[in-house]
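A.B. asks: Task: produce atomic coordinates for the following.
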Amino acid sequence: MSNFTSPQIIIIGAGIGGLTAAALLAKAGYRVVVLEAQTYAGGCAGTFVHQGYRFDAGATIVGGFHANGPHALVGRLLDLEWPVRPHDPAWVVHLPDREIALTQDNGDVVAQFPHTTRFWRAQSHLADLGWRMSAAGMPWPPGDLTEVAQLVRVGLSHFPADVAMVPHAFGTVADWLRQMRLDTDRTFRRFLDAQLLISAQATSAQVNTLWGATALDLARQGVYHVEGGIGSLAETLIHKIRALGGEVHFRQRVTGIAVEQGRVTGVHVGLGKHTTKTEFVPADFVIANLTPFSL
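C.D. replies: Sure, this is the predicted structure:
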């Protein structure tokens, strides 16, 4: 890796989060190097090639491109033209006795579950608050005193509208359904669990109400198809990073983060599968776009 420039910031992992951070930092004038262990970018939102065909590694449709959505905001900041187009209905749920189309107006859902109108009205209200507060940097749940202070600042800036969120702060979607007297409707709960498994990776019994209300909002906010496969999003970000002078390198597995006297000094990168030798790459800052289990 002797061809690397001396980076100021190293980002481990070329997932969407890491690439977004890299692009924003590169635009701000920092020297950025992204190191990815795989042969393609995007992580679970990546597209790999096999025998000339492109296959999505995980997700196949995307959200967050609606007005003031996270990807829309990033697009404006970086002057990006995302290769996406709206897809409505977002998806269709197949239950043993029916099919339900998830559309932006939620029409089919309400038509098939007319007794849930109050639930969806409350869900939309909570989700709108959640989107606004998330955009303002709301850390939830807070992990330390700094995040508690940030949560208080964001909460005060949205007072009194955010008072509606307080009763739901620590409950689950299942608790919410009981409050709405919908917990005995097994078909409706099964339908909700299917949505939550897609967007929150858990069912109503485990998902926090505030997060669940936002996770159930994807179809209403708009779902998009990515031209060329979902990996085109990562490819768009990589093009921007390189255009801004940043670097993205594949087949570079970071094996450790070097710390001296409480400060990061760089990372160790493996030299291959058949050796334990590593190369040290210096850095002033390191961002690990990884799960906690990978650190």
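A.B. asks: Point out where this protein drops to low pLDDT.
C.D. replies: 1-7, 133-143, 148, 151-152, 154-168 (pLDDT under 70).
A.B. asks: now do 50
C.D. replies: 1-2 (pLDDT under 50).
A.B. asks: care to break it down by domain?
C.D. replies: Annotated domains of the chain cover 9-82+227-294, 92-220 [automatic domain parsing].
A.B. asks: okay, these in JSON lines with mean neighbour count next?
C.D. replies: In short, each C-beta sits where N, CA and C put it, glycine included. Formatted as JSON lines, these follow (neighbours: other C-beta atoms under 10 Å):
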{"stretch": "domain 9-82+227-294", "mean neighbour count": "17"}
{"stretch": "domain 92-220", "mean neighbour count": "16"}
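A.B. asks: From Gln221, how far out is Trp120?
C.D. replies: 14 Å (C-beta to C-beta, to the nearest Å).
A.B. asks: cool, and Gln123?
C.D. replies: Using C-beta to C-beta, Gln123 is found at 12 Å from Gln221.
A.B. asks: now Gly58
C.D. replies: Note on Gly58: its distance to Gln221, by C-beta to C-beta, is 20 Å.
A.B. asks: and if you look at Gly64?
C.D. replies: Using C-beta to C-beta, Gly64 is found at 8 Å from Gln221.
A.B. asks: Asp284 now?
C.D. replies: Taken as C-beta to C-beta, the span from Asp284 to Gln221 is 37 Å.
A.B. asks: Next, the contact list for the spatially closest residue to Gly229 that is not a sequence neighbour, please.
C.D. replies: Nearest non-adjacent residue to Gly229, counting by C-beta to C-beta, 6 or more residues apart in numbering: Thr47, 3.6 Å away. Each residue near Thr47 by C-beta atoms under 8 Å, 6 or more residues apart in numbering is listed here: 40, 54-57, 228-232.
A.B. asks: can you give me the strands in the stretch 1-150 of the chain?
C.D. replies: Assigned by DSSP state E, counting those that start in this stretch, the strands in the stretch 1-150 of the chain fall at 9-12, 32-35, 47-50, 53-56, 61-62, 84-86, 91-95, 98-102.
A.B. asks: For these, give me JSON lines that also has distance to Ala22.
C.D. replies: Formatted as JSON lines, the strands of the stretch 1-150 of the chain follow (distance: least, C-beta to C-beta, whole Å):
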{"stretch": "strand 9-12", "distance to Ala22": "5"}
{"stretch": "strand 32-35", "distance to Ala22": "5"}
{"stretch": "strand 47-50", "distance to Ala22": "19"}
{"stretch": "strand 53-56", "distance to Ala22": "22"}
{"stretch": "strand 61-62", "distance to Ala22": "19"}
{"stretch": "strand 84-86", "distance to Ala22": "20"}
{"stretch": "strand 91-95", "distance to Ala22": "31"}
{"stretch": "strand 98-102", "distance to Ala22": "33"}
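A.B. asks: Now do the residue nearest to Thr117 when sequence neighbours are not counted against Leu197, distance only.
C.D. replies: Leaving aside its chain neighbours, Thr117 sits nearest to Val110 (5.9 Å; criterion: C-beta to C-beta, 6+ apart). Here Val110 is placed at a distance of 21 Å from Leu197 (C-beta to C-beta).
A.B. asks: Equivalent analysis for Ile12, please.
C.D. replies: Separation of Ile12 from Leu197 (C-beta to C-beta) stands at 28 Å.
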